[in-house]
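Novice: give me the fold of what follows.
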Amino acid sequence: MDLIWTTYLKLLGEVTSLRADREADSERTVETSAPSASEVDELGLELEESQRKAIRMEEALQERDRAMALAEVEKDLAVHCDELVEQGASVGETHAAVVKKCKYTIAMPSDPKAALSVVFDKDGVLNQICEGKGYIDMSIVDADTSSKISEIGSHHPKEDFAVRGKEPKDEVQIYTWKDATLRELTDLVKEVATAARRRNARLSFAFVYPDKKGRFVFRQVGTTHSYANGRDDGKTLEALDFQIGDYLSVAIL
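Specialist: As a prediction, the model looks like this:
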């Protein structure tokens, strides 16, 4: 019995020793194969840089494809323009030049940025649009872009002012005083609105306020010109009965 017990203990000891050796080998293997923290960081940075390069390359290819497509479109348009010129049509070098020549101008861009560019750029529609001329926008764009274009030359409807905190998106805040004239307000608006700086721009002023029953009232109070003097220039907010809390609506015509 003692012999068997001793042998069992001996065998158990050998098995334990072998298991310990295997665990040590495993630890040594892990220690020799595991990368350091700095190596992991460097590998991560390399992967991020590779991803950025891939994205930049994809964007460059897309931009090249757009440029090539645009060049083809412009080439095609030039051919058709030449055909129309032969029939007696004239060509405008800019959107403003087209508006200057025509009573009605029609545009049909399909890209939101292009639709806004046609109207608001330096040589855009707003540069020459005036009384007696019309601009018809038939853009295939989102509702927000269409709203920005359609609101040119008109006031927001009074319903847009009904809820405090949900005023029109193009609202701007100007610091003024009750004895300020419409001419002084015109100069303030010109500082924040590019369209108001056009040589032929006109600004229409109106008050929007709730009546005694809580219904909003819209009242036009005067019109000024961007640069030329006008009969309403000297009118003050106080003389026009502007009250603290009223909205001042300005349409750039």
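Novice: for stretch 128-146, buried residues please.
Specialist: Buried residues in stretch 128-146, counted by 16 or more other CB atoms under 10 Å: 128, 129, 130, 135, 137, 139, 141, 145. Bear in mind the C-beta positions are built from the backbone N, C-alpha and C, glycine included.
Novice: domain assignment for the chain?
Specialist: 40-89, 92-150, 158-252 (automatic domain parsing).
Novice: what average pLDDT does the last one get?
Specialist: In this model, domain 158-252 has an average pLDDT of 86.
Novice: element containing residue 207?
Specialist: In this structure, residue 207 sits in strand 202-210 according to DSSP states H and E.
Novice: ugh, typo on my part, it should be residue 135
Specialist: Residue 135 belongs to strand 134-137, assigned by DSSP H and E.
Novice: can you tell me the strand partners of that strand and which way each runs?
Specialist: Strand 134-137 has the following strand partners under DSSP bridges: strand 104-107 (parallel).
Novice: ok, residues contacting the strand it pairs with?
Specialist: 95, 98-99, 115, 118, 125, 133-139 (CB atoms under 8 Å, 6 or more residues apart in numbering).
Novice: hang on, the earlier thing: now, which of the buried residues of stretch 128-146 sits nearest residue 194?
Specialist: residue 129 (14.0 Å; CB to CB).
Novice: separation between that closest one and residue 118?
Specialist: Going from residue 129 to residue 118 by CB to CB, to the nearest Å gives 11 Å.
Novice: same check, this time on residue 98
Specialist: 10 Å.
Novice: quick check, nearest of the contacts of strand 104-107 to residue 161?
Specialist: For the contacts of strand 104-107, the nearest to residue 161 is residue 137 (24.7 Å; CB to CB).
Novice: bridged to that closest one, which residues?
Specialist: Following DSSP bridges, residue 137 is listed with bridge partners residue 107.
Novice: against residue 113, how distant is it?
Specialist: 14 Å.
Novice: just residue 119 next, same as before
Specialist: 11 Å.
Novice: okay, those two: which has more neighbours?
Specialist: residue 119 (21 against 10; other CB atoms under 10 Å).
Novice: which element, helix or strand, includes the more buried one?
Specialist: Using DSSP H and E, residue 119 falls in helix 112-120.
Novice: that helix packs against which elements?
Specialist: Here helix 112-120 touches strand 134-137, helix 143-150, going by 3 or more CB pairs under 8 Å, 6 or more residues apart in numbering; DSSP states H and E.
Novice: re earlier: now do the strand holding residue 135, average pLDDT.
Specialist: Here the average pLDDT along strand 134-137 is 81.
Novice: what's in contact with that strand?
Specialist: With CB under 8 Å, 6+ apart, strand 134-137 has contacts from 99, 103-107, 115, 119, 125, 129, 146, 149-150.
Novice: of the residues you listed, keep whichever come out buried.
Specialist: For those, buried by 16+ other CB under 10 Å: 99, 105, 107, 115, 119, 125, 129, 149.
Novice: ok, so of those residues, who is nearest residue 184?
Specialist: For the buried ones among the contacts of strand 134-137, the nearest to residue 184 is residue 129 (25.4 Å; CB to CB).
Novice: wait, the closest one sits on residue 99?
Specialist: Yes: with contact defined as CB atoms under 8 Å, residue 129 reaches residue 99; the gap is 5.6 Å.
Novice: quick one: residues contacting residue 209.
Specialist: Counted by CB under 8 Å, 6+ apart, residue 209 has contacts 216, 217, 219, 243, 245, 246, 247.
Novice: of those residues - the most surrounded one?
Specialist: Top of the contacts of residue 209 by neighbour count (other CB under 10 Å): residue 247, with 19 neighbours.
Novice: separation between that residue and residue 129?
Specialist: 25 Å.
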